[in-house]
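# here are the coordinates; sequence isn't available:
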């Protein structure tokens, strides 16, 4: 049995998008999981998040990797939204004290049209049960 092993560093910077970018990250995470010479992985992360689907795929890939090896998410400045979601699957999260960490949520924008509906003579009735 070989002692020691290497520690791999993977960069995850910027907005998390679908397409070729996410595919290369998922491929790399899978390869790192299969490489017997690597004993741990540091994910060097600085991301405000991005695509919900791509972030979910990253979370799943990091979780699969963490089942095999130690995974440390190192948050430089921002680990928010999907960036935080990806790092939450790691074995451990390490962040600078000034880093912004967390903030998984949804941005919802909706117009408030009550006054306009009232002027038009439109009323709303809500029926619910349970």
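Received it, and whenever you're ready, just let me know what you need. Keep in mind that what you see is a predicted model, and the values were worked out from it rather than measured.

# And the closest residue to residue 100 other than its chain neighbours, its phi and psi?
Nearest non-adjacent residue to residue 100, counting by Cβ to Cβ, 6 or more residues apart in numbering: residue 78, 4.9 Å away. From N, CA and C alone the C-beta is placed, and that goes for glycine too. Residue 78 has phi and psi values of phi -130, psi 130 when expressed as degrees, to the nearest 10.

# Spit out the contact partners of residue 78.
Listed by Cβ atoms under 8 Å, 6 or more residues apart in numbering, the contact partners of residue 78 are 46, 47, 48, 99, 100.

# can you tell me which helix or strand the residue lying closest to residue 56 once chain neighbours are set aside belongs to?
Counting by Cβ to Cβ, 6+ apart, residue 56 lies nearest to residue 85, which is 7.1 Å off, once chain neighbours are set aside. In the assignment (DSSP states H and E), residue 85 maps to helix 82-88.

# if we can go back for a sec, so how far is residue 53 from the residue nearest to residue 56?
11 Å (Cβ to Cβ, to the nearest Å).

# higher neighbour count, these two?
Using other Cβ atoms under 10 Å, the more surrounded residue of residue 85 and residue 53 is residue 85, with 20 against 12.

# Retrieve the pLDDT associated with the more buried one.
Per-residue pLDDT puts residue 85 at 93.

# Same question for the one 3 residues further on.
What the model reports for residue 88 is a pLDDT of 94.

# now swap in residue 114 and tell me
Residue 114 is given a pLDDT of 80.

# Many thanks, I have nothing further to ask.
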